[in-house]
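Engineer: Below: sequence and its predicted model.
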Amino acid sequence: MNIRRLSSGLKASYRGSNVARRVQHFESWDARASSQSAATDYDHVDTVKEYYDLCGEFMVFGWGESLHFSPLSALESPEESAIRHQRLMISRLELCRGMTVIDVGCGIGGPMRRVAREAGVRVVGINSNEIQLDRAKSLNAKAGLDHLVSCVACSFMDMSAVEDNRFDRGYAIESTCHAPDKAGAFAEIYRVLKPGALFWGQEMCMTDKFDPDDSRHRAIKRDLMHKIALKDIETTDGVNRDLETAGFQVIEGVDRAVEDDGGAVPWYRPLETRQGTPGSAMRRTPLGRKAFIGAARLAEALGVFPKGSARVVALMDRTANAYVAGGAAGIFTPLYCFLARKPL
């Protein structure tokens, strides 16, 4: 994505709103969620939507169409690792032509298009973010995949627009981690899958190294929750329990961040050093992020970016630092990948 396209995308996303005020409001979400009036006034689904409304265009600018972490190899760019990771998911789901698959929280549809193109299945993407859905539909049409891919505007917490037992397979990549009630989200996914269907998920989790009695560990967890709009960060065992509560049989659960094939690279490395395609690699690093904050301020002054855009870039810089802190401490992973089945 070039600067002109980014500028156009930001103006369409922000729609003349006061972006700086929106960032300030977003950054207070945890205080609002914990207030006495939160039971009636606070909706975490709205907070997650605002997070992606504010940051989505910059995410695509930095990471491309696949907005998720992947197990990295020294021999690959992050973009190549994402493709390998998606192909692993396709293999684990045992996809066959003629199947219908649900992508829960499809974002702008990078994985959805790969699944449809390479497995020859029909994919229905679920997303409550209209800005992302519009981009997904445009990219689907550009890729010539309209006959295989469609989108439904709804929250995965309430997919009443989708009938029971509809899908042969399902997957959720870094989406249900945002659920205000993970077991409830899994129950909705369970409902729309056919008996015997496989479900793949990728969750952000605290690892076994997380010590709730360690003040530094607690501070890192709070920072991650605050910056990524996570109402809580579950353990891997907790994710499995929530799956089983919803009725799923857990077939496997692997933290793919710690796989060691002899050439493994920490999942957060692209946020520390240059690794990846030229341009995108540099803008993900600490130096590149700081430089881009300054560039965004200049772009605001020139009218290229909407006012307040630099505040969003600064928010994302702090988010990247939180990711690195959690990963370097070994207490956080965005790569807990599970395979579950809805019983016959």
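Structural biologist: Arrived safely, thanks for sending.

Engineer: which secondary structure elements does the helix or strand where residue 62 lies contact?
Structural biologist: Remark: residue 62 resides in helix 44-63, with elements defined by DSSP states H and E. The helices and strands touching helix 44-63, judged by 3 or more C-beta pairs under 8 Å, 6 or more residues apart in numbering; DSSP states H and E, are helix 3-14, helix 19-26, helix 29-34, helix 130-142, helix 280-284, helix 309-328. Bear in mind the C-beta positions are built from the backbone N, C-alpha and C, glycine included.

Engineer: if you average pLDDT over each of those helices, which comes out lowest?
Structural biologist: The minimum mean pLDDT among the helices and strands packed on helix 44-63 belongs to helix 280-284 (a mean of 62).

Engineer: What are the buried residues along the helix or strand that that helix is followed by?
Structural biologist: Next along the chain after helix 280-284, taking DSSP H and E as the criterion, comes helix 286-301. Using 16 or more other C-beta atoms under 10 Å as the burial criterion, the residues of helix 286-301 that qualify are 288, 289, 292, 293, 295, 296, 297, 299, 300.

Engineer: next one: stretch 147-158
Structural biologist: With the criterion 16+ other C-beta under 10 Å, stretch 147-158 contains buried residues 148, 149, 151, 155, 156, 157.

Engineer: Of those, which belong to helices?
Structural biologist: When the buried residues of stretch 147-158 are checked against helices (DSSP state H), there are no matches.

Engineer: Can you convert these into TSV and add a column each for pLDDT and distance to residue 198?
Structural biologist: Putting the buried residues of stretch 147-158 into TSV (pLDDT from 0 to 100; distance: C-beta to C-beta, whole Å) gives the following:
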residue	pLDDT	distance to residue 198
148	95	19
149	95	20
151	94	22
155	91	23
156	93	17
157	93	22
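
Engineer: which of those sit farthest apart?
Structural biologist: 148 and 157 (26.3 Å; C-beta to C-beta).

Engineer: any chance of the helices and strands packed on helix 44-63 in CSV, with distance to residue 242 and mean neighbour count too?
Structural biologist: As requested, the helices and strands packed on helix 44-63 are exported to CSV (distance: least, C-beta to C-beta, whole Å; neighbours: other C-beta atoms under 10 Å):
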stretch, distance to residue 242, mean neighbour count
helix 3-14, 32, 16
helix 19-26, 26, 16
helix 29-34, 20, 14
helix 130-142, 25, 17
helix 280-284, 31, 19
helix 309-328, 21, 20
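
Engineer: where does this protein have low pLDDT?
Structural biologist: Along the chain, the model assigns pLDDT under 70 to residues 1, 36-40, 259-263, 274-283.

Engineer: Quick check, central residue of it?
Structural biologist: Most central residue of the chain, judged by C-alpha distance to the mean C-alpha position with C-alpha atoms, centre = their mean, is residue 174 at 3.9 Å.

Engineer: Give me the contacts around stretch 243-251.
Structural biologist: Judged by C-beta atoms under 8 Å, 6 or more residues apart in numbering, the contacts made with stretch 243-251 from elsewhere in the structure are 183, 186-187, 189-190, 198-199, 201, 240, 338-343.

Engineer: State which strand of the protein is the longest.
Structural biologist: For the chain, the strand with the greatest residue count under DSSP state E is strand 193-206.
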